[in-house]
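1. what follows is a predicted protein model with its sequence.
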Amino acid sequence: MKAREKAYNCLCDIVLGKSYSNLYLRKEINDFSSADKGLITNIVYGTMQNYLYLRYQWEAYVQSDIAADMALLMDMSIYQFLFMDKVPEYAVVNEAVEIAAKKHKGKYKAMINAMLRRFLREGKRPILGDALFQLSIKTSHPLWVVKMWEKQYGYEIAERICLDDQGAPALAARVNTCVTSRDEIIAANPDFEKGCLSEDALIYHGGNIADTKEYLTGRVSIQDEASQCVALLVDPQPDESILDMCAAPGTKTCHMAQLMKNEGEIIALDIHEHRVELISNAAARLGLSIIQPWCFDACEINHEYDEESFDRVLVDAPCSGYGVMKRKNDIKVHMQPEDMDTLLPLQAKLLDTAFKMVKPGGVLVYSTCTLNKKENEKQIEKFLGLHDNAQLISQRTIFPYEYNTDGFYMAKLVKAEKA
Ligand SMILES: C[S@@+](CC[C@H](N)C(=O)[O-])C[C@H]1O[C@@H](n2cnc3c(N)ncnc32)[C@H](O)[C@@H]1O
């Protein structure tokens with residue numbers, strides 16, 4: 001199969017079939033040459049990253065309905081015209097027409113041919129409308145999310161988030177301080193340099209971190225820098241007892257174990273069996289023995305363990321994920337306005353249970369990788385309204401444009417000592 005047809009099939013599977021893009025794509029293109037892998041990845045990610053902008057370019061040409069997979073064929077073809085150098089226009093048109101001929105009994109072949117040629121004749125369509133609409137189309141974020149950010153954070157921040165999402169995420173790693181130091185990693189591999197948000201953070205400039213000797217020998221983990229601030233906020237100490245309520249794939253669990261010098265215990269829960277295995281694998285790779293992964297619904301943990309038995313509890317909650325769109329562009333094409341509300345009750349329940357499990361005087365940290373105050377500040381505000389004995393110590397939102405990281409929210413609470 002040709003590379004463009006593969007890119008088209010992958011896009012259909014990810015966008016229409018809702019396959020998870022990073023893992024799925026890597027597996028699907030394994031047998032292609034490295035040049036074709038690059039072409040397919042560029043087309044698939046680039047089309048998703050710019051999908052609203054691309055659709056805006058041609059949607060006015062269509063009078064009747066067009067099948068969803070043919071719309072994606074138009075999107076990816078226009079992506080190649082507008083964003084990829086050295087791609088001959090005739091090759092894009094010919095291959096799109098060939099793909100269209102194989103689908104829907106060739107019904108759309110002439111239409112795709114005509115629309116692509118029209119676009120090549122007429123060029124880009126100017127974006128007209130108010131500032132929020134223009135921002136939405138220009139950066140391919142649904143208008144409702146742009147409006148939500150503008151309402152919650154103001155226009156300037158909304159614009160900076162949207163523009164930053166169009167960039168490439170930094171490749172960040174965390175040093176395994178139980179076996180080495182950041183300076184030793186940099187001395188051994190100069191493609192690593194110091195990160196800026198945490199003492200353990202590294203930025204990589206050499207390609208795929210997972211292929212490095214440092215990763216393969218368990219001396220570094222792949223972790224976004226803002227994400228590393230969460231375990232630092234928990235601040236777990238050696239010999240303490242820690243509960244990590246939503247732990248898989250175990251990135252923050254392992255960071256906490258490192259901060260504890262692999263002394264003490266961490267109960268690491270996740271509700272999905274296949275994801276719990278990832279926690280065990282991560283701990284084994286890093287040589288961390290204090291982590292006890294367990295497939296269990298964290299909302300019920302107070303029926304299995306004595307309440308008030310943990311020094312610190314982390315709730316790294318399931319969330320809408322609007323802080324990580326730069327890294328996961330499939331969120332952009334799948335996101336729906338209701339995502340902002342569906343997880344609120346689960347987050348509240350996790351927080352409530354977590355607080356039951358914290359010892360008096362102990363610490364609860366709540367974090368999300370989303371930029372939505374309903375899941376963040378307002379969730380904590382509601383929680384504080386229901387718990388007189390909880391005190392908010394600090395809360396912080398890291399916007400993705402500040403340090404070229406993911407967007408994160410984190411709050412630190414303390415449970416009052418008994419009178
Ligand atoms: C944001 S991810 C956690 C990421 C993880 N802390 C890390 O740093 O690698 C949220 C996790 O919560 C898990 N989850 C969702 N509902 C849960 C529940 N009721 N009990 C335990 N885990 C749950 C999901 O399976 C998912 O793995």
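-> Cool, the structure landed. Numbers count the residues shown, from 1 in each chain.
2. tell me the residues of this protein that contact the ligand?
-> 245-252, 269-272, 275, 297-299, 316, 318 (Cβ under 6 Å from any ligand atom). No exception for glycine: its C-beta is placed from N, CA and C like everyone else's.
3. now with 8 Å?
-> 223, 227, 230, 244-253, 255, 269-272, 275, 279, 296-299, 314, 316-319, 346, 349-350, 368-369 (Cβ under 8 Å from any ligand atom).
4. looking at these, which are in helices?
-> Judged by DSSP state H, the subset of the residues of the chain next to the ligand located in helices is 227, 230, 251-253, 255, 275, 279, 346, 349-350.
5. lowest-confidence one in these?
-> Among those, R275 carries the lowest pLDDT, at 93.
6. so what's it up against?
-> Residues in contact with R275, defined by Cβ atoms under 8 Å, 6 or more residues apart in numbering, are 248-249.
7. what do you get if the cut-off is 10 Å, keeping everything else the same?
-> By Cβ atoms under 10 Å, 6 or more residues apart in numbering, the residues touching R275 are 246-250, 293, 295.
8. give me the most central residue, this protein.
-> Taking Cα atoms, centre = their mean, the centroid of the chain lies closest to V324, which sits 3.5 Å from it.
9. now the closest residue to the ligand within the stretch 101-250 of the chain. Nearest residue, chain neighbours left out?
-> Ranked by Cβ to the nearest ligand atom, the top residue of the stretch 101-250 of the chain for proximity to the ligand is C246, at 3.1 Å. Spatial nearest neighbour of C246, excluding adjacent residues (Cβ to Cβ, 6 or more residues apart in numbering): D316 at 5.1 Å.
10. separation between that neighbour and Y53?
-> Counting by Cβ to Cβ, to the nearest Å, the separation of D316 from Y53 is 33 Å.
11. how far away is the residue nearest to C246 from K18?
-> Taken as Cβ to Cβ, the span from D316 to K18 is 23 Å.
12. same drill for the two, tell me which one is more crowded.
-> D316 (25 against 12; other Cβ atoms under 10 Å).
13. I figured I185 was touching E214, is that so?
-> Yes. Counting by Cβ atoms under 10 Å, I185 touches E214, with 5.6 Å between them.
14. find residues that contact each of the two.
-> Counting by Cβ under 10 Å, 6+ apart, the common neighbours of I185 and E214 are 173, 175-176, 192, 202, 204, 220.
15. backbone phi and psi for the residue nearest to the centre of the chain, please?
-> Main-chain torsions, V324, degrees, to the nearest 10: phi -120, psi 30.
16. before we move on, back to that, now do the contacts for the residue of the stretch 101-250 of the chain closest to the ligand.
-> Per Cβ under 10 Å, 6+ apart, neighbours of C246: 252-253, 268-271, 275, 298, 314-319, 346-347, 350, 354, 367.
17. buried among these? Make that a PyMOL selection.
-> Buried residues among those (16 or more other Cβ atoms under 10 Å), as a PyMOL selection:
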select buried, resi 252+253+268+269+270+271+275+298+314+315+316+317+318+319+347+350+354+367
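18. run through the neighbouring helices and strands of the strand or helix carrying K412.
-> Using DSSP states H and E, K412 maps to strand 408-415. On a contact count with 3 or more Cβ pairs under 10 Å, 6 or more residues apart in numbering; DSSP states H and E, strand 408-415 meets helix 225-234, strand 310-316, helix 344-357, strand 358-368, helix 377-386, strand 390-398.
19. partners of it in the sheet?
-> Strands adjacent to strand 408-415 in the sheet, as given by DSSP bridges, are strand 358-368 (antiparallel), strand 390-398 (antiparallel).
20. quick one, what contacts the residue nearest to C246?
-> Contacts of D316 by Cβ under 10 Å, 6+ apart are 227, 230-231, 234, 244-248, 251-253, 350, 365-369, 408, 410.
21. so after the host helix or strand of E156, what's the next helix or strand?
-> Element membership for E156 (DSSP H and E) is helix 155-165. Counting by DSSP H and E, the next helix or strand C-terminal to helix 155-165 is strand 172-175.
22. quickly run through the sheet partners of that next one, with directions.
-> strand 201-204 (antiparallel), strand 220-222 (antiparallel).
23. dump whichever helix or strand comes after that strand to PDB, restricted to CA.
-> Counting by DSSP H and E, the next helix or strand C-terminal to strand 172-175 is helix 182-188. Presented in PDB, the C-alpha positions along helix 182-188 are these (Å, rounded to 0.1, in the frame of the first residue of the first chain):
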ATOM      1  CA  ARG A 182      21.100  14.800  36.000                       C
ATOM      2  CA  ASP A 183      24.800  15.900  35.500                       C
ATOM      3  CA  GLU A 184      25.900  12.400  34.800                       C
ATOM      4  CA  ILE A 185      23.200  11.900  32.200                       C
ATOM      5  CA  ILE A 186      24.200  15.100  30.400                       C
ATOM      6  CA  ALA A 187      27.900  14.200  30.600                       C
ATOM      7  CA  ALA A 188      27.100  10.800  29.000                       C
END
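24. which is the succeeding secondary structure element to helix 182-188?
-> strand 192-194.
25. touching, I393 and V234? I think so.
-> No. Contact between I393 and V234 fails when scored by Cβ under 10 Å: they sit 11.6 Å apart.
26. tell me, what's touching the two both at once?
-> 363-365, 412.
27. buried subset of these?
-> Of these, these count as buried by 16+ other Cβ under 10 Å: 363-365, 412.
28. tell me which two of these sit farthest apart.
-> Farthest apart among the buried ones among the shared contacts of I393 and V234 by Cβ to Cβ are L364 and K412. That separation is 7.6 Å.
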